[in-house]
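Asks: Okay, predicted coordinates and the sequence, questions at the end:
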Amino acid sequence: MPKNILLVEDNPINQLVTSLLLTKWGHHVTIANDGKEALEKIQNKNFSLILMDINMPVMDGCETTLHIRELKDPHFKTLPIIAFTTSPMADTKEKARQMGMDDFLSKPLDPEEMHRKINQYTSEIPTTQPRREKT
């Protein structure tokens, strides 16, 4: 099922590659060039997931995530946020988790891993269908 995904990324090449993959998989992608722009865009659209670059100008991904988690609407407390990072350092990942990020993807992107994590965080829990009585 197609999802609305907010891609927060300042690098035009990463924006292009990532958005091409996401649209190929059937998702709708909105791009924000930095954290400040991301905060503006989430007010206007209901996203299923955010892919968030950690290192950006204006407002980095950790600070942006903290602001999102502090919004009043309960949707933003549980909205999946997956970090994009070039840093494999444990302290970077720990800081991102403390700020409210749910998971991580390393740059350069591994399309298979990104696809798996998007599905993991956006798949709906199947509901049990009532049994039909035989007639």
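Replies: Received it, and whenever you're ready, just let me know what you need. Here the structure is a predicted model, which means the values were calculated and not measured.
Asks: Show me what the most centrally placed residue in the chain is bridged to.
Replies: For the chain, residue 50 is the residue whose C-alpha lies nearest the centre (C-alpha atoms, centre = their mean; 2.0 Å). On the basis of DSSP bridges, residue 50 is bridged to residue 6, residue 81.
Asks: from memory it sits against residue 83, does it?
Replies: No: using C-beta atoms under 8 Å, residue 50 makes no contact with residue 83, being 9.5 Å away. For every residue, glycine as well, the C-beta is placed using N, CA and C.
Asks: for the helix or strand of the chain with the lowest mean pLDDT, packing partners?
Replies: For the chain, using mean pLDDT, DSSP states H and E, the weakest element among its helices and strands is helix 90-99, scoring a mean of 74. Counting contacts by 3 or more C-beta pairs under 8 Å, 6 or more residues apart in numbering; DSSP states H and E, helix 90-99 packs against helix 61-69, strand 81-85.
Asks: Give the rounded mean pLDDT of the shortest one.
Replies: Which is strand 81-85. The pLDDT scores in strand 81-85 average 89.
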